[in-house]
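Undergrad: Only the shape, not the letters, is given here:
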């Protein structure tokens, strides 16, 4: 059974169709990447899945349950976790408190005490590597540190499906590689079903995703295994503006660094 | 019979509504430009009322002369409070500017009490009346209404035709964009605040024509609430919306008063005052962005 | 286990302060009135702090809760005094009514909070206050603008001695209890899921929802708690103690101003803040009333402005910053 099923979901803002009859299925344990030019509707799709927006048409089904109309705060305890494109820390709270909040209201909601959540927080803070900042006010962190904290906070929710929105934007290649390894580790250790990414950074997508969805103008263009998707002529055209030039194009994507 | 009474009162309400609208324009302007809600709004109206009273009783000048005086005093107060207090709070959380303007209002009340005492005062500007079939209207009220429309019109022209007015509109639309275009936003803030306060104090002058014996330091309170309801009704950041909403509010208020007066065992005046709140509540239920807002 | 208790250490200085004030009032002749006033302000400050400090919402009409509490008690006494067999039950009923009315208002405010934020919420709450006051006067319910006088009825029901004891001691003593209760709830919330949720709501409400926080539920909890405490103070310090009520007396915004001063002076969102603020303000007011009667607000209005501009964190906020990392910090919250 699919973990997440998106059926014919459409979201309009006035005359603009941001998400256009998208169909998508994600199975437990998968890692998929969602890519596409700016404005292709990736973040809006995430917003619809996490409940920030209600779709105008279509259904969202999580673990067999129809959550289309479910308010955002009820989706987290079901197992939907999310990081934001621009980190949104609870600024006046410490890093530890921020991450603990994830644990308090995620899938563990109602099953753990406040003290337990602080311990859980410590674990994830150490995991992402910001232990030294544990008690600092989260508003004072650097952007990269905030991103790491967001990831820790989302992981503390113990989600079954983690939506990562541009989690690696702004990182240098070495950090990205570390992050890719880190996410692979998490996927194994945390029994997190999936990490669905929305990335412009092809390096990360290639390193992690088994399957890639390409979006354009709100619609799903391609949905295939990573290599196939990224070499699909239509995808190349979307990014480069013109059809591929055979082998020359291939080396740009798969080239040595 | 009821209908003639109602009709008459509605006309009176429309006249008052013009003044309400003008008063609220100041509130909307300040909020639109600086994103500060002037919780002390009503107290500035009170200042205008006392300026009128003083000029009439002490200097024998007609309220018409008080209008420019009120504008000058209002703008001076506006500049003073802006540079002394508001400017430092623009970057601070919303709460602080709320509290600051609240405290400013209280300060004005207490100063007024100190200078004039807490009693109710009034004056009589006998200009005669106009008699229509359904009602008798005092000329002073007509003047006030005309005054409010003239001022609102003047503002409209100023905003759309002059450089400074356009600059202010640009800051309302997009703060950063305006800066990039070379608008000195800091000065625009100060000016807008001053104009907003000036408008409010001026409306206090016009208001006195409707409440000839009700002038006292605490009169402002009730107008803050009304102004707020009118602003929400007109769509929070639109000064023009505020003016029209003011007219509508005046109509509703007087209409309601007439109807309440017909109900036995009820005190119509306080009940009408409470009406402002019920309108707000109803608005929030049905259309929070205001009748005329987006 | 150790950890759990140490979480509540900041409560110690607060309760100690209340105890000391109480003892001074109880044992030193002539000091009870002043001490009662201090307790009043501390209790109000502590209650308002739960509302504003934790949710970040400012309710300029907070006095509505106090007023409704007073009315609850007043209505209870007015209508139940005839049933003398109820005895002290009359007071209990009054209290229940007070809490009931406060709940209605809190739910109304929660409803408004859904649709208005920041400044608009603040002013809408003034609206509730003014609206209620004029509605009572206009619709002539609950005694209309003349209000209710029930002191005599109470004396008849409970006997002069009991009533004297109630009004001269027990009413004020109960205010102390409320202050202590408010302090306890304050820190209990701060250390529990509720506090964390409210911090998230305060900082970024939309992100909070995505994290799984039912923002309406937690805001309502804070509003209700704060409202009940405020109503309790009103019911006891005014309703029970004074024996009369009328709208122009209780729906008065300047009590909200006083709450704000108390909390700002001491430090919004802190536990000890309202206590310090309450003490400073209460003492200053008492002192000013002796030297310059009628001028308190004239003095305090500019003081509020100055505090906001210069020291928005208040006394305790400043202390917390200075003491960062020190052992003493455990006791200051």
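TA: Sure, I can see it. All values reported here derive from a predicted model rather than from experimental measurement. Residues are numbered from 1 along each chain as shown, chains lettered A, B, ... in the order given.
Undergrad: So which residue is dead centre in chain A?
TA: The centre of chain A sits closest to residue A:164, judged by Cα atoms, centre = their mean, with a distance of 1.7 Å.
Undergrad: wait, it sits on residue A:83?
TA: Yes. Residue A:164 lies in contact with residue A:83 (Cβ atoms under 8 Å); the separation is 5.2 Å. Every residue, glycine included, has its C-beta placed from N, CA and C.
Undergrad: Mind jotting down where the strands sit in the stretch 51-200 of chain B?
TA: Taking DSSP state E, counting those that start in this stretch, the strands of the stretch 51-200 of chain B run over residues B:129-131, B:136-138.
Undergrad: ugh, wrong one, chain A
TA: A:2-13, A:16-27, A:32-35, A:57-62, A:65-66, A:80-83, A:161-165, A:194-198, A:211-216, A:219-225 (DSSP state E).
Undergrad: rewinding a little: does the residue nearest to the centre of chain A have beta-bridge partners, and which?
TA: Beta-bridge pairing of residue A:164 under DSSP bridges involves residue A:83, residue A:197.
Undergrad: Report pLDDT for it.
TA: pLDDT, residue A:164: 86.
Undergrad: The closest residue to chain A within chain C in helix, strand or coil?
TA: Residue nearest to chain A within chain C (Cβ to the nearest Cβ): residue C:212, separated by 2.8 Å. Three-state call for residue C:212 (DSSP: H, G, I helix; E, B strand; the rest coil): coil.
Undergrad: Wait, a strand at residue C:268?
TA: No. Counting by three-state DSSP, residue C:268 is not part of a strand but coil.
Undergrad: Up against chain A, what does chain C have?
TA: C:3-4, C:191-193, C:196-197, C:199-200, C:202-204, C:206-215 (Cβ under 8 Å from any Cβ of the partner chain).
Undergrad: Can you tell me, leaving aside adjacent residues, what's nearest to the most centrally placed residue in chain C?
TA: In chain C, the residue lying closest to the centroid (Cα atoms, centre = their mean) is residue C:44, at 2.7 Å. Spatial nearest neighbour of residue C:44, chain neighbours left out: residue C:259 (5.2 Å); criterion: Cβ to Cβ, 6 or more residues apart in numbering or on different chains.
Undergrad: helix, strand or coil for that neighbour?
TA: Residue C:259 is classified as helix under three-state DSSP.
Undergrad: contacting residues for it?
TA: Residue C:259 sits next to C:44, C:45, C:48, C:62, C:63 when contact means Cβ atoms under 8 Å, 6 or more residues apart in numbering or on different chains.
Undergrad: so after the biggest helix by length in chain C, what's the next helix or strand?
TA: The helix that spans the most residues within chain C, counting by DSSP state H, is helix C:89-115. Once helix C:89-115 ends, the next helix or strand along the chain (criterion: DSSP states H and E) is helix C:118-139.
Undergrad: touching chain B at all, that next one?
TA: Yes. Against chain B, helix C:118-139 shows contacts by Cβ under 8 Å from any Cβ at C:118-120, C:122-124, C:126-128, C:130-135, C:137-139.
Undergrad: Tell me, what's the model's pLDDT at the closest residue in space to residue B:108 that isn't next to it in sequence?
TA: Distance criterion Cβ to Cβ, 6+ apart; nearest residue to residue B:108, sequence neighbours excluded, is residue B:43 at 4.3 Å. Here, the pLDDT recorded for residue B:43 equals 94.
Undergrad: now residue B:39
TA: Reading off the confidence values, residue B:39 has pLDDT 85.
Undergrad: wait, it sits on residue B:106?
TA: No. Counting by Cβ under 8 Å, residue B:106 is not a contact partner of residue B:39; they are 9.7 Å apart.
Undergrad: Comparing those two, which shows the higher neighbour count?
TA: residue B:39 (26 against 23; other Cβ atoms under 10 Å in any protein chain shown).
Undergrad: what sits against the more buried one?
TA: Shown in contact with residue B:39 (Cβ under 8 Å, 6+ apart): B:98, B:101, B:102, B:105, B:224, C:60, C:119, C:122, C:123, C:126.
Undergrad: Could I get the full set of helices for the stretch 51-200 of chain A?
TA: Counting by DSSP state H, counting those that start in this stretch, the stretch 51-200 of chain A has these helices, from start to end: A:72-75, A:95-105, A:114-128, A:143-156, A:173-189.
Undergrad: and the ones you listed, which is most packed in?
TA: Ranked by mean neighbour count, these are led by helix A:95-105 with a mean of 27 (mean count of other Cβ atoms under 10 Å in any protein chain shown).
Undergrad: Looking at it now, give me its mean pLDDT.
TA: pLDDT averaged over helix A:95-105 gives 92.
Undergrad: Measure how far it is from the centre of its chain, please.
TA: Distance of helix A:95-105 from its chain centroid, counting by Cα atoms, centre = their mean, to the nearest Å, is 19 Å.
Undergrad: now do stretch C:187-194
TA: 19 Å.
Undergrad: which residues touch the nearest residue to residue A:88 once chain neighbours are set aside?
TA: The shortest distance from residue A:88 to any non-neighbouring residue, by Cβ to Cβ, 6+ apart, is to residue C:207 (4.1 Å). Contacts for residue C:207 were tallied using Cβ under 8 Å, 6+ apart; they are A:84, A:88, A:90, C:200.
Undergrad: Please report which of those has the highest neighbour count.
TA: residue C:200 (26 neighbours).
Undergrad: That residue: helix or strand, and which one exactly?
TA: Using DSSP H and E, residue C:200 sits in helix C:193-203.
Undergrad: now check that helix, is it near chain B?
TA: No. Judged by Cβ under 8 Å from any Cβ, helix C:193-203 stays clear of chain B, getting no closer than 9.8 Å.
Undergrad: Tell me if stretch A:37-46 is near chain C.
TA: No. Using Cβ under 8 Å from any Cβ, stretch A:37-46 stays clear of chain C, with a minimum separation of 10.0 Å.
Undergrad: Off-centre distance for that stretch?
TA: The answer for stretch A:37-46 is 12 Å, by Cα atoms, centre = their mean.
Undergrad: residues of that stretch that come out buried?
TA: By neighbour count on 16 or more other Cβ atoms under 10 Å in any protein chain shown, the buried set for stretch A:37-46 is A:40, A:41, A:42, A:43, A:44, A:45, A:46.
Undergrad: Pick out the residue of chain B closest to chain A.
TA: residue B:93 (10.4 Å).
Undergrad: how many neighbours does residue B:157 have?
TA: Neighbours around residue B:157, by other Cβ under 10 Å: 11.
Undergrad: circling back to that earlier point, the residue of chain B closest to chain A and residue A:89, how far apart?
TA: 16 Å (Cβ to Cβ, to the nearest Å).
Undergrad: Neighbour count: the two, which is higher?
TA: residue A:89 (24 against 12).
Undergrad: Return the residues in contact with the residue nearest to that one when sequence neighbours are not counted.
TA: Once flanking residues are discounted, residue A:89 sits nearest to residue A:138: 4.0 Å by Cβ to Cβ, 6+ apart. Shown in contact with residue A:138 (Cβ under 8 Å, 6+ apart): A:89, A:90, A:91, A:92, A:93, A:94, A:95, A:97, A:98, A:146, A:149.
Undergrad: again, only using 10 Å
TA: Listed by Cβ atoms under 10 Å, 6 or more residues apart in numbering or on different chains, the contact partners of residue A:138 are A:87, A:89-99, A:145-146, A:149-150, A:153, C:203.
Undergrad: What count of nearby residues applies to the closest residue to chain C within chain A?
TA: Residue nearest to chain C within chain A (Cβ to the nearest Cβ): residue A:76, separated by 2.8 Å. Around residue A:76 there are 25 other residues, counting by other Cβ under 10 Å.
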